[in-house]
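Colleague: Only the shape, not the letters, is given here:
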């Protein structure tokens, strides 16, 4: 009986790809469990599956000066101890890490027990957690070809994508659930699983302009509802359990430039206006993700520094008007679903 640990957290992008692998992993592993943080969004995502969930103490490095960084060593050591104790009980055969700060104690605990680890990096540049744990991994798989070249044990394979992205749907029914009748193209706005205050604020100010030509579906993030009465042609929600439904009705999308959302949108050929996260709170990964796809002609970049209701409306209108050219570029650079390949690489650890 083979047992696999999945780990990764902090944002939905660190755990949803793990869920995408499940249909394939279950062919080789009798038992699959998830190691995540106590209060991270991964707990909510995993709760919708049948996976047992174990929370592990962990700590996020804050890029600005913070006294909370002083507690990191204690929390990581505590996480290693707890993760190791659980591993001694369930005796896993392998670990697959999707990165994020919770992965650090889990992977270190696995290495100390000679449990093989495969990790995956979604972004164009390697995140801090994956930099730390890469030395303990058999391989670090990557979503971008260039990223693999920066790692001694890197291997390009693409990104695991949910099969539900490609399943048929009743578009009219989905539109109706948001109060739309299909008479206008749909603009999807999402700031990622954590939301994005500046995008939310600018979109709401731009609604008188945007709703002239678009129905606007706004996924604003937990705790970010405006509290205002809904207006015609505008629907806001904190989070969507089936984000793929939003992608299937979207004619154009405004989003950050997290790799997972980007790859999903491009896989179903939705023209995007990207507003990458920038500043001291980030290592700049989203800026590089956005630049990569802009060079391919498959997305438009609107820097946050010039984001206004007017510039947003212009960028959205331009992306929609040029949708045919953008989709032709997408055809030339198709997004690769690596779910089957990654699952095979993980399963090979058993042999």
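Modeller: Ah, there it is. All values reported here derive from a predicted model rather than from experimental measurement. Numbering: from 1, shown residues only.
Colleague: Residue 78 and residue 15, how far apart?
Modeller: Relative to residue 15, residue 78 is positioned 21 Å away (criterion: Cβ to Cβ, to the nearest Å). To be clear about C-beta, it is placed using only N, CA and C from the backbone, and glycine gets the same treatment.
Colleague: Next, count neighbours for the closest residue to residue 142 other than its chain neighbours.
Modeller: Using Cβ to Cβ, 6 or more residues apart in numbering and skipping the chain neighbours, the partner closest in space to residue 142 is residue 148 (4.4 Å). As a burial measure, the neighbour count of residue 148 was computed by other Cβ atoms under 10 Å and equals 19.
Colleague: my read: residue 148 touches residue 134, true?
Modeller: No - between residue 148 and residue 134 there is no contact under Cβ atoms under 8 Å: 11.4 Å.
Colleague: joint contacts of those two?
Modeller: Residues touching both residue 148 and residue 134 by Cβ atoms under 8 Å, 6 or more residues apart in numbering: residue 140.
Colleague: Please name the residues that touch residue 299.
Modeller: Contacts of residue 299 were listed using Cβ under 8 Å, 6+ apart, and they are 262, 266, 271, 272, 273, 274, 290, 293, 326.
Colleague: Next one: it relative to residue 328, how far apart?
Modeller: In this structure, residue 299 and residue 328 are 14 Å apart, going by Cβ to Cβ.
Colleague: Kindly report the same for residue 16.
Modeller: Looking at residue 16 against residue 328, where the rule is Cβ to Cβ, the gap reads 28 Å.
Colleague: what about those two, which has more around it?
Modeller: Neighbour tally, residue 16 and residue 328, criterion other Cβ under 10 Å: the higher count belongs to residue 16, 23 against 12.
Colleague: Domain parsing of this protein, as residue ranges.
Modeller: Each domain of the chain is listed here as a residue range: 3-161+336-350, 165-332, per automatic domain parsing.
Colleague: Would you format those as JSON lines with mean pLDDT included?
Modeller: Putting the domains of the chain into JSON lines (pLDDT from 0 to 100) gives the following:
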{"stretch": "domain 3-161+336-350", "mean pLDDT": "92"}
{"stretch": "domain 165-332", "mean pLDDT": "92"}
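Colleague: which of those domains sits most buried?
Modeller: Neighbour counts averaged per stretch over the domains of the chain are highest for domain 3-161+336-350, at a mean of 20; criterion: mean count of other Cβ atoms under 10 Å.
Colleague: which phi and psi does the closest residue in space to residue 144 that isn't next to it in sequence have?
Modeller: The shortest distance from residue 144 to any residue that is not its chain neighbour, by Cβ to Cβ, 6+ apart, is 5.1 Å, and that residue is residue 124. Phi and psi for residue 124, reported as degrees, to the nearest 10, are phi -70, psi -30.
Colleague: Tell me if I'm right that residue 124 and residue 295 touch.
Modeller: No - using Cβ under 8 Å, residue 124 makes no contact with residue 295, being 11.3 Å away.
Colleague: anything in contact with each of these two?
Modeller: Shared contacts of residue 124 and residue 295, defined by Cβ under 8 Å, 6+ apart, are not found at any residue.
Colleague: quick one, helices of the stretch 201-350 of the chain?
Modeller: 243-249, 259-267, 285-296, 309-321, 323-332, 339-347 (DSSP state H, counting those that start in this stretch).
Colleague: Residue 176 is nearest to which of these?
Modeller: For the helices of the stretch 201-350 of the chain, proximity to residue 176 was assessed by Cβ to Cβ; helix 243-249 is nearest, at 10.3 Å.
Colleague: gap between the nearest residue to residue 289 once chain neighbours are set aside and residue 267?
Modeller: Nearest residue to residue 289 in three dimensions, chain neighbours excluded: residue 257, at 4.4 Å (Cβ to Cβ, 6+ apart). For residue 257, the distance to residue 267 equals 15 Å [Cβ to Cβ].
Colleague: which residues in this structure form strands?
Modeller: Residue ranges of the strands in the chain, as given by DSSP state E, are 3-7, 31-36, 53-55, 94-97, 117-121, 139-142, 154-156, 186-190, 215-219, 234-237, 252-255, 272-274, 300-301.
Colleague: Would you convert those strands into TSV that also reports distance to residue 167?
Modeller: As requested, these are exported to TSV (distance: least, Cβ to Cβ, whole Å):
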stretch	distance to residue 167
strand 3-7	23
strand 31-36	22
strand 53-55	26
strand 94-97	24
strand 117-121	24
strand 139-142	25
strand 154-156	27
strand 186-190	18
strand 215-219	19
strand 234-237	21
strand 252-255	19
strand 272-274	21
strand 300-301	28
